[in-house]
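S.K.: A structural model of the following input is requested.
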Amino acid sequence: MEQIYYLFLMCICAVGIFFAGVYAKPLARFYKRLFTRKKRNDIIARIEQLEMRVALHTKKDKVYLNKFDEMEKLFAQRESDRKNKVRKQVIEYLQELQK
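M.R.: I've put the predicted structure just below:
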């Protein structure tokens with residue numbers, strides 16, 4: 001009778017070890033998600049996350065706006081340079097025609 005008991009116990013342990021090996025990583029991921037989910041559900045943590053996101057986006061927006069301002073200045077400078085060159089060429093041409 002003892003031998004059957006030990007055999008039964010060994011079979012249960014073998015099945016348990018098999019399932020533990022197969023499902024160890026998914027179970028670990030599940031429990032990690034479960035505990036981190038509880039932390040995220042805290043209203044103060046959510047507010048802090050949102051404030052951090054807003055700060056990050058405003059920082060990115062400032063960088064992009066600065067780049068757009070620089071590009072706008074560059075295009076305005078190019079346009080004014082082009083107009084000045086055209087004026088000079090027209091004046092030179094008119095002076096040649098007067099001669």
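
S.K.: for stretch 36-48, how far is the first residue from the last?
M.R.: With C-alpha to C-alpha, to the nearest Å as the measure, the first residue of stretch 36-48 is 16 Å from its last.

S.K.: from the middle of its chain, how far away would stretch 52-64 be?
M.R.: With C-alpha atoms, centre = their mean, to the nearest Å as the basis, stretch 52-64 stands 12 Å off its chain's centre.

S.K.: ok, residue 26 to residue 20 distance?
M.R.: With distances defined as C-beta to C-beta, to the nearest Å, the gap from residue 26 to residue 20 amounts to 11 Å. Quick note: C-beta positions are derived from backbone N, CA and C, even for glycine.

S.K.: what's the answer for residue 87, then?
M.R.: Plainly put, residue 87 is 84 Å away from residue 20 if you go by C-beta to C-beta.

S.K.: what mean pLDDT would you report for the top helix by length along the chain?
M.R.: Among the elements of type helix in the chain, defined by DSSP state H, the one spanning the most residues is helix 43-98. Confidence for helix 43-98, expressed as mean pLDDT, is 90.

S.K.: Repeat that for stretch 8-17.
M.R.: Per-residue confidence for stretch 8-17 averages out to 90 on the pLDDT scale.

S.K.: pull the CA atoms of that stretch into PDB?
M.R.: Extracted as PDB, the C-alpha positions of stretch 8-17 are listed here (Å, rounded to 0.1, in the frame of the first residue of the first chain):
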ATOM      1  CA  PHE A   8       0.800   8.200  -6.800                       C
ATOM      2  CA  LEU A   9       2.800  11.000  -5.100                       C
ATOM      3  CA  MET A  10       5.600  10.800  -7.700                       C
ATOM      4  CA  CYS A  11       3.100  10.900 -10.500                       C
ATOM      5  CA  ILE A  12       1.400  14.000  -9.100                       C
ATOM      6  CA  CYS A  13       4.800  15.600  -8.600                       C
ATOM      7  CA  ALA A  14       5.800  14.700 -12.200                       C
ATOM      8  CA  VAL A  15       2.600  16.200 -13.600                       C
ATOM      9  CA  GLY A  16       3.100  19.300 -11.500                       C
ATOM     10  CA  ILE A  17       6.700  19.800 -12.600                       C
END
